[in-house]
Each structure stands twice: as structure tokens, then as C-alpha cells.
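Student: need a structure here:
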Amino acid sequence: MANENLGNAKKAKNDEFYTQFSDIQKEMNAYLDYNPDVFRGKTVLLPCDDPEWSNFTKYFAQNFEALGLKKLISTSYAPDSKPDAIPYQPTLFEIESPGYDPEKTQTKGKIFTLSRDTTGDNVINVDDLEWSYLEGGGDFRSEEITKLRDEADIIVTNPPFSLFREFLAWLVEADKDFVIIGNMNAITYKEVFPLVKENKLWLGATNFNVGMYFFVPENFVYASTYKFDREIDGKKASRVPGVCWFTTIDHGRRHEPLSLMTEKDNIKFSRHKEVRELGYYKYENYDAIEVPFTDAIPTDFEGMMGVPITFLDKYSPEQFEILGMPRFFETAGMSKEFVEAYYASGQTGQISPGHPDAAYYDRDKRPVVPYRRIFIKHKQVTK
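Tutor: Below is the predicted model:
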């Protein structure tokens, strides 16, 4: 239910969630703090933006010289390609531009570029943006946008929620660095998790537990049972929980070790009653212990541990090794006896003998199937 706004948007293909400038700035600052030259001499592509009011475009255009960019490219979708969007009204900026064409403005996407001082003030910034119509509608999968992808060094954007898998595959195919926004559950996708496991992709610097507010169109319909709506600077906004940044660009928080205690102390002093009273359960179908909370990971356990996907927000590759995820792990799966006991206890769910998810019996012998787990182990055990 917590992601109902996001789910409604996906079903309706209403993917117009616009990222706030402050959220973009906060994330980019984390990469710059770690490597001040991360964008220097680079061409940055923003392939899913409406450049006239995209905060991604504004951020990189305003900071063009400070970042040391070589070139900025920002493209948009044609209004006619978004049937659920607000009826498109050309801005004065567009209408008063020499290249304005009323016959193209509905059917063609736009491309904005920034690479030189066009105003003669000896500064390259947002005032120097140049634009024209694309040949097509601006779909990132088109040959036209794919050529721009191949020209770029770094891709940064908030891609359409309904096309996240396709968009990521499009990025990986080109072997480009990127910073994109997605739902935390994307961690479990077969297209995503192997990249995380191999340290080819990781979470950004912004803690995803806080959620993010996005600007939405006036005709956006909020979830009826669980809505987070408000106005920010007079604009309609919606809070989407569990949203995070996915990136291939390094940042300092990724290398901060998680503070841990020994297994004995962790159980004794844990703020989680479940761990303090019951300790760690062992899975019925894996040689691993169940660690239900990231801050309950013991420092002295040498074997495999199953942790929530939220662990990745604290993951340091120097401290832990990611071994896999149950659904991508070789295992015999749940036993016939466990499945029978699960249904006999009155629980519902789509499981059957051989089901790969991690499972265990609690102290009352009740079968438990926790939400998606990631298997990890310490790289160096501290006794």
C-alpha cells in the first residue's frame, strides 16, 4: 500500500513525476564531495526530461562551469506521446523562439544543448541553452536518442516508472555511467540484482527511508487509501516512499562501515525486541541465519546471513560480500512439510514445494516466510 501512488502511475502510464531541485543538488553534491572532478570534461545526457521546466536541466545548466562540463544534452517526449498528460500549452519561450513550429510542437520531442556562450557575457549557463525539435517523439529507445546516449559520458534522469527495466537495460547496453531514480523494490529485479551483487551498480547517497516528494501534473489522481499530497512552492506534489537513486558513480557514504556488535552483545542490547528475546533463527532451506534488521547484524558470525533489502542502503563493499538472493540462488527450496505447515497455520501466499524464498520456523513452530532477503557474509570476521 505504501507505493500505491507509484503503482497507480505505472498502471495509468502517468509517469510525470518531476524531481525537486533540492533533491538533485543533494545527491550530486555527494558525488562531488567524493570526487570534485566527477563531471569535469564530461558530456551529460538527460534523456527523459521536459527541458523547459526540468530541474535536472536547470541544475546542470546553472552549474555548467562549476562542474566543468563539456556539453549538456536534454531531451523531452512529444506531447502527443503522453495522452494522459495535461493538454500541452507552448511556453512563451518556445513561441518566441525563431525555431518555433506550431505543426511540430505537438508531435516532436525537443532537444536542448549547452556547450558555449551564446549571449556574449563570457559565462556559460542556463541562458545559453539552445534548442530545436527532434526528428521523432523523443522515446529513449529510438535510434535518435540512442545516438545521443552513445555520445554522452554520464546519463542522469528520473526515467518513466513504467519503463524502469527497459531504461536500465538501455544504459547497461552502452556501458555508460549513470545516476537514475527508481523504486527500492527494483533491487529484486533479475535485471538489477546481479549488477548489485557484482558491484557494477549501487544505491546513491540519499537515504531512501525518507522517501521523496515529486511535483505532479494538476490532473494526477492520488491513491484513495494512502496518499501523501501537499503543495510545495504552490505546486502540486506527491510523496513516494521507498524511492532511491541507482548509480555507477562512487560516493563516500558507500564506503562507511556499518557499526556492529558481537552476536552476544547484539542480542543483549538490541533495540529490537524480536532479536533481544529470540536471538537469530536459522533458515529451514538455507545454511544461514535470519537477521531481520540491518542494525542487528552480528560482527562475529562467520557464516551466511539473510538481511532485508534495506541493508543495501548501509552496504560497504569493503565490509561485506553479497552472496546472492534466494530467488537467484541454487537451492532445493522449501520442503513439502514446510509448505503444508505454512498453509495449515492459516497463512496465505503463493508458495509450493521448492519455492526459493528463505523460510524458517519461529519459537512457536509457526512457519515464517520473511520479505525478500539478501544473503551476505563478513569479509573479515571480528571476534
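Student: Just confirm F164 is within a helix.
Tutor: Yes. Counting by DSSP: H, G, I helix; E, B strand; the rest coil, one finds F164 located in a helix.
Student: ok, it to L171 distance?
Tutor: 11 Å (C-beta to C-beta, to the nearest Å). The way it works is simple: take the backbone N, C-alpha and C, and place the C-beta from them, glycine included.
Student: mind saving the C-alpha coords of the lengthiest helix in the chain as PDB?
Tutor: The longest helix of the chain (DSSP state H) is helix 21-34. Taking Å, rounded to 0.1, in the frame of the first residue of the first chain, the C-alpha atoms of helix 21-34 are listed here in PDB:
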ATOM      1  CA  PHE A  21      15.900  20.800  -7.500                       C
ATOM      2  CA  SER A  22      17.000  20.400  -3.800                       C
ATOM      3  CA  ASP A  23      16.900  16.600  -4.100                       C
ATOM      4  CA  ILE A  24      19.000  16.600  -7.300                       C
ATOM      5  CA  GLN A  25      21.500  19.100  -5.700                       C
ATOM      6  CA  LYS A  26      21.800  17.000  -2.500                       C
ATOM      7  CA  GLU A  27      22.600  13.800  -4.500                       C
ATOM      8  CA  MET A  28      25.000  15.400  -6.900                       C
ATOM      9  CA  ASN A  29      26.900  17.100  -4.100                       C
ATOM     10  CA  ALA A  30      27.600  13.700  -2.600                       C
ATOM     11  CA  TYR A  31      29.500  12.600  -5.700                       C
ATOM     12  CA  LEU A  32      31.300  15.900  -5.900                       C
ATOM     13  CA  ASP A  33      32.400  15.700  -2.300                       C
ATOM     14  CA  TYR A  34      33.900  12.300  -3.100                       C
END
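Student: Could I get the buried residue list for it?
Tutor: 23-24, 27-28, 30-32, 34 (16 or more other C-beta atoms under 10 Å).
Student: Who are the packing partners of the following helix or strand past it?
Tutor: Next along the chain after helix 21-34, taking DSSP states H and E as the criterion, comes strand 43-46. Applying 3 or more C-beta pairs under 8 Å, 6 or more residues apart in numbering; DSSP states H and E, one finds that strand 43-46 makes contact with helix 55-62, strand 71-75, helix 143-151, strand 154-157.
Student: To S115, which of these lies closest?
Tutor: The closest approach between S115 and any of those, judged by C-beta to C-beta, belongs to strand 71-75 at 4.3 Å.
Student: Outline the domain layout of this structure.
Tutor: 4-255, 263-378 (automatic domain parsing).
Student: Format the helices and strands packed on strand 43-46 as TSV; extra columns: mean pLDDT.
Tutor: TSV is the format used below for the helices and strands packed on strand 43-46 (pLDDT from 0 to 100):
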stretch	mean pLDDT
helix 55-62	94
strand 71-75	96
helix 143-151	97
strand 154-157	97
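Student: would you list the ones you listed in JSON lines and tack on distance to S352 and mean neighbour count?
Tutor: JSON lines is the format used below for the helices and strands packed on strand 43-46 (distance: least, C-beta to C-beta, whole Å; neighbours: other C-beta atoms under 10 Å):
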{"stretch": "helix 55-62", "distance to S352": "45", "mean neighbour count": "21"}
{"stretch": "strand 71-75", "distance to S352": "46", "mean neighbour count": "25"}
{"stretch": "helix 143-151", "distance to S352": "42", "mean neighbour count": "15"}
{"stretch": "strand 154-157", "distance to S352": "40", "mean neighbour count": "24"}
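Student: can you redo these as TSV with distance to K314?
Tutor: Shown next, in TSV, are those (distance: least, C-beta to C-beta, whole Å):
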stretch	distance to K314
helix 55-62	27
strand 71-75	33
helix 143-151	32
strand 154-157	24
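Student: Could you point out which of these sits nearest I181?
Tutor: Once the helices and strands packed on strand 43-46 are compared by C-beta to C-beta, strand 154-157 is nearest, at 7.7 Å.
Student: Only alpha carbons, please: show the closest one as CSV.
Tutor: Extracted in CSV, the C-alpha atoms of strand 154-157 (Å, rounded to 0.1, in the frame of the first residue of the first chain):
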residue,chain,number,x,y,z
ILE,A,154,27.1,10.2,-18.0
ILE,A,155,23.3,9.8,-18.1
VAL,A,156,21.2,11.4,-15.3
THR,A,157,17.4,11.4,-15.0
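Student: Y343 in helix, strand or coil?
Tutor: helix.
Student: Quick one: closest of the helices and strands packed on strand 43-46 to I249.
Tutor: Between those, strand 154-157 lies closest to I249; by C-beta to C-beta that is 7.4 Å.
Student: same for the closest one, what does it pack against?
Tutor: strand 43-46, helix 55-62, strand 177-183.
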